[in-house]
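1. Model the following, please.
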Amino acid sequence: MDNAPLPSKRSAMQALLSRVAVCALGFVLLASQVIAAEVSVHVLDDQSAPVADAAVYWLPLSGRAPRGSLQGTIEQADKTFMPYVSVVQTGTAVSFPNRDTVRHHVYSFSAPKVFDLKLYTGTPAQPVVFDKPGLVALGCNIHDWMLAYVLVVDSPWFDVSAANGRAVVRNLPVGDYRMVVWHPRMKEEIMQQVKITGATQSVRIKISLSKPELRRQGA
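-> Now for the predicted structure:
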């Protein structure tokens, strides 16, 4: 005859709680795999050709976006601003290193950020802080063909499309967003509501462009 003691109610409850804890942990691990997504946006023109230099950023429909990296760089090399289009979060400090052997005089008269970096070589001691959202056009007072844009946004989720028309944003939390696309040859930015649901997601969007700007970077 088996005289082994029967499990107590307390032991049975502990076993049940252990199984629940394991299930809950598994659910958390599964959820963590899709809580943030990598989103690829393919920007095309009216002829379905890929569009480079399109700024794409994401605004959450509920809550506020967190603070991301607040440092950036826009170089001057071969008498050209690099990159031509930049996106930064509001409050970002941007340095303007001059890689050329000639001096540059970088300025902007745009309302969101008026500044003037007079003739210099190397890197100015103090970066320029873009503390208000909006579009900022950059120029050089010595080389009139030099032109670039800084789009200041209230979001840490952004990218600029490459030559293949793709802009990729990583670690975008799942949820509902307003995706905004802007390009220097657009009359105004366009918006599209997008629901982010999975670990990877792709979006295609077409934009209408005006004729190329002749002044751009020595054109």
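2. tell me the contacts of the residue lying closest to residue 44 once chain neighbours are set aside?
-> Excluding the flanking residues, the one nearest residue 44 by C-beta to C-beta, 6 or more residues apart in numbering is residue 206, at 4.9 Å. (Each C-beta comes from the backbone N, C-alpha and C, glycine too.) By C-beta atoms under 8 Å, 6 or more residues apart in numbering, the residues touching residue 206 are 44-46, 48.
3. And the residues you listed, which of them are buried?
-> Buried residues within the contacts of residue 206, defined by neighbour count using 16 or more other C-beta atoms under 10 Å: 44-45.
4. can you tell me which of the contacts of residue 206 lies nearest to residue 66?
-> Closest approach between these and residue 66, by C-beta to C-beta: residue 44, at 30.4 Å.
5. Need phi/psi at that closest one.
-> phi -130, psi 150 (degrees, to the nearest 10).
6. any idea how far the residue positioned nearest the centre of the chain is from residue 41?
-> By C-alpha atoms, centre = their mean, the chain has its centre lying nearest to residue 158, at 1.4 Å. Between residue 158 and residue 41 the distance is 10 Å, computed by C-beta to C-beta, to the nearest Å.
7. any shared contact partners between the two?
-> With contacts taken as C-beta under 8 Å, 6+ apart, the residues that reach both residue 158 and residue 41 are 56, 169.
8. where does this protein have low pLDDT?
-> Within the chain, the stretches with pLDDT under 70 are 1-34, 213-219.
9. where along it do the helices fall?
-> Listed in chain order, the helices of the chain (DSSP state H) span 9-34.
10. Return the residues in contact with the spatially closest residue to residue 140 that is not a sequence neighbour.
-> Of all residues beyond its chain neighbours, the one nearest residue 140 is residue 146 (3.9 Å), with distances taken as C-beta to C-beta, 6+ apart. The contact partners of residue 146, by C-beta under 8 Å, 6+ apart, come to 76, 79-81, 104, 138-140, 217-218.
11. buried sites along stretch 47-63?
-> 51-58, 60.
12. which among those residues gets closest to residue 186?
-> For these, the closest approach to residue 186 (C-beta to C-beta) belongs to residue 54, at 8.4 Å.
13. Report the separation between the nearest residue to residue 112 once chain neighbours are set aside and residue 185.
-> Among residues not flanking residue 112 along the chain, residue 134 sits closest, at 3.3 Å (C-beta to C-beta, 6+ apart). Distance of residue 134 to residue 185, given as C-beta to C-beta: 18 Å.
14. Count the residues that sit near the residue nearest to residue 107 when sequence neighbours are not counted.
-> Once flanking residues are discounted, residue 107 sits nearest to residue 116: 4.8 Å by C-beta to C-beta, 6+ apart. When neighbours are counted by other C-beta atoms under 10 Å, residue 116 registers 11.
15. Any idea what the residue nearest to residue 112 is bridged to?
-> Taking DSSP bridges as the rule, residue 134 bridges to residue 152.
16. Hmm, it is touching residue 110, no?
-> Yes: Residue 134 lies in contact with residue 110 (C-beta atoms under 8 Å); the separation is 7.1 Å.
17. which of those two has more neighbours?
-> Neighbour totals were compared for residue 134 and residue 110, and residue 110 leads with 18 against 14 (other C-beta under 10 Å).
18. which residue packs closest to that one, ignoring adjacent ones?
-> Distances taken as C-beta to C-beta, 6+ apart place residue 136 nearest to residue 110, at 4.3 Å, with adjacent residues excluded.
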